[in-house]
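Asker: Give me a model of this one.
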Amino acid sequence: MLEVIALDSGVRLILNSMDSVRSLSIGIWCNNGSVNENDDEQGISHFIEHMLFKGTENRSHFDIVNEIDSLGGQMNAFTGKEATCFYVKCLDEHFRATADVLTDMICHPTFPADELEKEKLVIVEEINMNADDPDDVAFDMLEDSIYVGMRMAHPVLGTKETVSSFDHDKLNEYYFNHYTRDEIVVSIAGSFDKAEVIGYFAEKFYNLKEHRADSTVKNISKVPDGSYLEIRKEIEQSHLAMGVRLFPADDDRRYPMMLLSNLLGGGMSSRLMQNVRVKKGLAYSVYAMTGFYAHIGVFIISAGVAKERTQEALDAIREELDRLKGDDISLMEFNSSKEQLKSGFIFSQESVQSLMIFNGRNMLTYGRCISPSEVLQTIERITLDDINAIKYMIADYDSYSIINVTGKN
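Answerer: You can find the predicted model right below:
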C-alpha cells in the first residue's frame, strides 16, 4: 500500500508498506543537487553529503556508524544532479533507533573543521580517481558538450579548486539555505507500524528553515550542434560516449523513448549489440540508455572498442542509426523490447531499497508518487506508432556530441 502524508512541518512522508518482508528502508531526500550550485559552489552538495556523516551535536562520526552497525543496519548516501538522499536499511524492529541516527545527521550537523580539512583531501582523491577512469572522463566531457551553458554540466564532485575553497561557514550557510522543510521528502518502504512512523516524523525537522528562498534552477541553453572531441590518455581502448538532448521527465514520450532505447541498445538481442559486437566483433560492451531530469533529458550510446578500430565502431553505430531512420520496426522487435522494459521495471521493484528510491525520486521529480501498476499500464499502452513518431529524435548521427577517450599512440 502506497500513501503520501503532508506533515505539519511541510515535509512530505511517503509510506510504502510490504507485508512479505521484515526489513525497511528509510530515505531522507532533499531536492538539491549540483544543478542548484553556482559556479564557485560546484561540488558543495556532494561535500555536504560526506560531511553529514562526520558528526552532529549529539554524535561523533564513530557514534553514527557504530550505532547503525550494532543494529545490523546498512547506511549510505548519494548526490546527483537534482537530489541528495541519505538512507538506511534495517530490520523493522530497529526503526526508531536507526531513524534517530538518520534524522540527527540531517537536523543537527556540525561540519567539524578538522574533519572538513581531511574530507577535502578525500574528495580531491575521488576527483583524481574519476580522472583516471576513461569511462568517467568520457561521460563527464559528454555532459559538458550536451549541457553547454547549463548548470546541468556542473560535475557532481565539483573541481579541485572549488572543493579546496570550502570552509565551515560556507557549508553551514549553503546547507541551511537549501535543505529546507519544503524541499525534504522522507520515503519509507518495507515493514513498519504506520502510526509509529507518522508520530515519529511529525516531530522532526522543525529546526530547519521552512522554505527555500529560490529553488528555480531551470536554465536551458541552445541545443548544441553535433561535435567530435578526442582525448588521449595512457590506455589501450577507445571509450566512446555519444549523446543528444531529449525532452524532460514529465513528457508523455518518456516511456516510448525508453522502449526505443532498449530496442537499439538494451539486451543481448538489441540492434547495436548484434551489429557492433556479435556481427563485427568491434566491442565487448555497447549499449544505449536514457536519462530524464526535471527540465531536460538525454539519450546516450556508449562503447568500449579497440583504439585501432574506433572508426569502424562509429561507422557501425551510424549504420544502426541510419537503419532506425529508414526502416520500419518489426512487431516482433517491438513486443520483445516492451516485455524487456516491463520485466526490468518489475525486477527493480522487488527490494525495499529500490521502492524507497523509486518513490522518493518520483515525488521530487513529479510532485507525486507513481504506483508500479501505473507504470506497467503506461508501458502496455505504447504502440508502434508511438515509437515511429519519436525515432527521428535519436536517428541523426550528425547531431550527436561524440567523445572519444583513447590511447596516445
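Asker: Is residue 262 inside a helix or a strand, and which specific one?
Answerer: Per DSSP states H and E, residue 262 falls inside helix 254-265.
Asker: Please save the CA atoms from that helix in PDB.
Answerer: Listed in PDB are the C-alpha atoms of helix 254-265, where the atom choice follows Å, rounded to 0.1, in the frame of the first residue of the first chain:
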ATOM      1  CA  ARG A 254       9.400   9.200 -21.900                       C
ATOM      2  CA  TYR A 255       8.400   5.500 -21.800                       C
ATOM      3  CA  PRO A 256       8.200   5.100 -25.600                       C
ATOM      4  CA  MET A 257      11.800   6.500 -25.700                       C
ATOM      5  CA  MET A 258      12.900   4.100 -23.000                       C
ATOM      6  CA  LEU A 259      11.500   1.300 -25.100                       C
ATOM      7  CA  LEU A 260      13.200   2.500 -28.200                       C
ATOM      8  CA  SER A 261      16.500   2.900 -26.300                       C
ATOM      9  CA  ASN A 262      16.200  -0.700 -25.200                       C
ATOM     10  CA  LEU A 263      15.400  -1.900 -28.700                       C
ATOM     11  CA  LEU A 264      18.500  -0.100 -30.000                       C
ATOM     12  CA  GLY A 265      21.000  -0.900 -27.200                       C
END
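Asker: Return the list of helices and strands in contact with that helix.
Answerer: The contact analysis (3 or more C-beta pairs under 8 Å, 6 or more residues apart in numbering; DSSP states H and E) places helix 254-265 against helix 271-272, strand 283-292, strand 297-306, helix 331-348, helix 372-380, helix 384-390. The way it works is simple: take the backbone N, C-alpha and C, and place the C-beta from them, glycine included.
Asker: Pull out the buried positions in stretch 308-320.
Answerer: By 16 or more other C-beta atoms under 10 Å, the buried positions in stretch 308-320 come out as 309-310, 312-314, 316-317, 319-320.
Asker: Distance check, residue 299 against residue 244.
Answerer: From residue 299 across to residue 244, the span is 5 Å (C-beta to C-beta, to the nearest Å).
Asker: any common contacting residues for those two?
Answerer: Shared contacts of residue 299 and residue 244 (C-beta atoms under 8 Å, 6 or more residues apart in numbering): 393-394.
Asker: Comparing those two, which residue is more hemmed in?
Answerer: Of the pair residue 299 and residue 244, residue 299 is the one with more neighbours under other C-beta atoms under 10 Å, namely 24 against 21.
Asker: was I right about that one contacting residue 258?
Answerer: No - using C-beta atoms under 8 Å, residue 299 is not in contact with residue 258, being 9.9 Å away.
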